[in-house]
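S.K.: Need coordinates for the following:
(one chain, ligands or ions: 1)
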Amino acid sequence: MTFPKNFLWGGATAANQYEGGWNEGGKGESLADHMTAGSRVSPRRITKKIEDTFYYPASDGVDFYHRYKEDIALMAEMGFKVFRMSIAWTRIFPNGNDVEPNEEGLKFYDNVFDELNKYGIEPLVTIYHSDLPYNLTQEYDGWYSRELVDLYVRYCETIFTRYQNKVRYWLTFNEINTMTLPFVGALASGYLKDLKDGAEIFKVGDNPQIRYQALHQMLVASAKAVKLGHEINPDFQIGCMIAAAATYPLTCNPKDILLAQRREQLVVDYCGDVQVRGEYGHYAFPYLAELGVELTITDDDRQALKDGTVDFYSFSQYSSNCVTSDESAEKASGNLIGGAKNPYLEASDWGWQIDSEAMYFTLNRLYGRYGIPLMIVENGLGAMDTVEADGSIHDDYRIYYLKEHIEAMERAITNGVDLIGYTPWGCIDLVSGSTGEMDKRYGFVYVDKDNEGNGTFDRSRKDSFYWYKKVIESNGETLD
Ligand code: BG6
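M.R.: Take a look at the predicted model:
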């Protein structure tokens, strides 16, 4: 058998796309609650107030808040060993800086963890997944304000202490390295002073000095959380989470080779190096100098980064990207990071290039670089599904995509990579992060909800549900 006996098979979600109940149980408003629904053709927008005239898909997500028992039972039926979910900071501290935590919010996650425990499913908790308390963008300048480091650490202390006997696996920040991308990091920094009401979420205007200082503060907060978590419970396994899409040179033109190397360093390894090795890579400061960015790094920061290195490296990968010095090359999109079109690959309906070899490539590259356990915590095919008259959903395209990726994982393990888990994204259909729509589905379980938020929210099993159940049952041996 290739996969280790205790391999963590499961699925992944995030509160702001899945949970709903945005104003229930004492929850406060998050940045994600202010983002309108969009689609493949119309962009999501961010509004300063939550207006009646727009639909905000985080408000109801797919209603895990009220349906967690049903969803967890479905996960158990598939045989999940692990379930990746995030805690909404605003359920615990509605304003981010409240004096006391919100007991109702804490209780909600107690219930969820107890339910998972009932079926022997291990929770894997993302502490922060794109849902900064909105108040921290108003009373402070988001992550650009140093105070957020302590506020985040206090939030971590609260949940680490409360759930120390219920949760063992933690991820500090989802895809922290997307802060290196101007069009994503500008909003993710939570610095909203210059925000135009109703701006497109990927066009809010960038200031690299603010963005990289904010990212530095996130890295320090992450490291402090890792150290604190280990003090609270030495059994905790705390990981980083990086968007690690493979980068290829489009051609063997040496310029393309160097561009690919540079993209890996500046977009993927910039954060991974700090979180795994405890210090910035050699290329980081020369690059910042090129941008005219000067980071304020205190001695305490340096020490914190050294003391708070992660136990494992987790990452998302949906596709690969090509880079080239040829500006006329045809473009392709991807999970936030795009590139040039690869003539050898097909793409999803959203233009993300499908490439299971990239999984083998990335697993080997990352394990070679860091030598610590790896976990794939996001992967999958976003596709439109059709519900047949009898209610069945034949998603053979999704099965094919996942099968190829699992085969690549198998080969990487055979090649010596220490891969400990796999949680494909959106195991139960949820709201798309980039477009805010429902049409882009990843799940084994279909949710009856449309892009405007209409539907019964009823759950039904797709063909991939039965297929994945067999994969888990056979520990990855049966893929057909
Ligand atoms: C990752 C995010 O970027 O990709 C998820 O961590 C997101 O939140 C996922 O949903 C897939 O992207 P999308 O845009 O298809 O939902």
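
S.K.: Compute the number of surrounding residues for the residue nearest to Ile127 when sequence neighbours are not counted.
M.R.: Setting aside the residues directly before and after it, Ile127 is nearest to Thr172 in space (CB to CB, 6 or more residues apart in numbering), at 5.6 Å. C-beta: built from backbone N, CA, C; applies to glycine. Per other CB atoms under 10 Å, the neighbour tally for Thr172 reads 26.

S.K.: and if you look at Thr362?
M.R.: 24.

S.K.: where does the stretch 201-350 of the chain have low pLDDT?
M.R.: For the stretch 201-350 of the chain, no stretch has pLDDT under 70.

S.K.: Kindly report the residues of it close to the ligand.
M.R.: 243, 316, 335-336 (CB under 6 Å from any ligand atom).

S.K.: Now intersect the residues you listed with the strands, please.
M.R.: Using DSSP state E, the subset of those located in strands is 243, 316.

S.K.: Out of the residues of the stretch 201-350 of the chain next to the ligand, which is nearest to Gly21?
M.R.: Ser316 (25.2 Å; CB to CB).

S.K.: Could you report the separation of the closest residue to the closest one other than its chain neighbours from the ligand?
M.R.: Excluding the flanking residues, the one nearest Ser316 by CB to CB, 6+ apart is Glu378, at 3.3 Å. Separation of Glu378 from the ligand (CB to the nearest ligand atom, to the nearest Å) stands at 6 Å.

S.K.: Kindly tell me how buried Glu378 is, as a neighbour count.
M.R.: Neighbours of Glu378 using other CB under 10 Å come to 25.

S.K.: so it sits right up against Tyr318, yeah?
M.R.: Yes - the criterion here is CB atoms under 8 Å, and Glu378 meets it with Tyr318 at 7.2 Å.

S.K.: So for these two, which residues contact both of them?
M.R.: Overlap of the contact sets of Glu378 and Tyr318 (by CB atoms under 8 Å, 6 or more residues apart in numbering) consists of Trp425.

S.K.: quick one, what contacts the residue nearest to the spatial centre of the chain?
M.R.: In the chain, the residue lying closest to the centroid (CA atoms, centre = their mean) is Asn174, at 4.3 Å. Shown in contact with Asn174 (CB under 8 Å, 6+ apart): 14, 86, 126, 128-130, 241.

S.K.: Go again with 10 Å.
M.R.: 12, 14, 84, 86, 126-131, 188, 240-243, 314, 316, 377-378, 433 (CB atoms under 10 Å, 6 or more residues apart in numbering).

S.K.: cool, and Asn102?
M.R.: 25-28, 90-95, 108, 158.

S.K.: What is the nearest of those to Tyr446?
M.R.: Using CB to CB, those come closest to Tyr446 at Phe108, 24.9 Å.

S.K.: packing partners for the host helix or strand of Asn117?
M.R.: Here Asn117, judged by DSSP states H and E, is contained in helix 103-118. Judged by 3 or more CB pairs under 10 Å, 6 or more residues apart in numbering; DSSP states H and E, helix 103-118 is in contact with helix 64-78, strand 82-86, helix 89-92, strand 122-126, helix 147-162.

S.K.: Is the ligand within reach of the second one?
M.R.: No - contact of strand 82-86 with the ligand (CB under 6 Å from any ligand atom) is absent, the minimum separation being 9.1 Å.

S.K.: now that strand: mean pLDDT?
M.R.: With pLDDT averaged residue by residue, strand 82-86 scores 99.

S.K.: Can you tell me the strand partners of it and which way each runs?
M.R.: Its sheet considered, strand 82-86 pairs with strand 8-12 (parallel), strand 122-126 (parallel) by DSSP bridges.

S.K.: and among the ones you listed, the most buried is which?
M.R.: strand 8-12 (a mean of 25; mean count of other CB atoms under 10 Å).

S.K.: mind putting the strands paired with strand 82-86 in a markdown table, distance to Val387 and mean pLDDT included?
M.R.: As requested, those are exported to a markdown table (distance: least, CB to CB, whole Å; pLDDT from 0 to 100):
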| stretch | distance to Val387 | mean pLDDT |
| --- | --- | --- |
| strand 8-12 | 20 | 99 |
| strand 122-126 | 30 | 99 |
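
S.K.: Columns distance to the ligand on top of these, output as JSON lines?
M.R.: Below are the strands paired with strand 82-86 laid out as JSON lines (distance: least, CB to the nearest ligand atom, whole Å):
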{"stretch": "strand 8-12", "distance to the ligand": "8"}
{"stretch": "strand 122-126", "distance to the ligand": "9"}
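
S.K.: Same list (the ones you listed) but as TSV, adding distance to Thr53.
M.R.: TSV is the format used below for those (distance: least, CB to CB, whole Å):
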stretch	distance to Thr53
strand 8-12	32
strand 122-126	31
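
S.K.: ok so, going back, secondary structure class of the residue nearest to the centre of the chain, three-state.
M.R.: coil (DSSP: H, G, I helix; E, B strand; the rest coil).

S.K.: In the helix holding Asn117, which of the residues would be classed as buried?
M.R.: By neighbour count with 16 or more other CB atoms under 10 Å, helix 103-118 contains the buried residues 105-106, 108-109, 112-113, 115-116.

S.K.: how far does stretch 279-289 stretch from start to finish?
M.R.: 17 Å (CA to CA, to the nearest Å).

S.K.: Identify all contacting residues around that stretch.
M.R.: 180, 208-209, 212, 216, 219, 261-262, 265-266, 269-274, 293-295, 297, 302, 305-306, 309.
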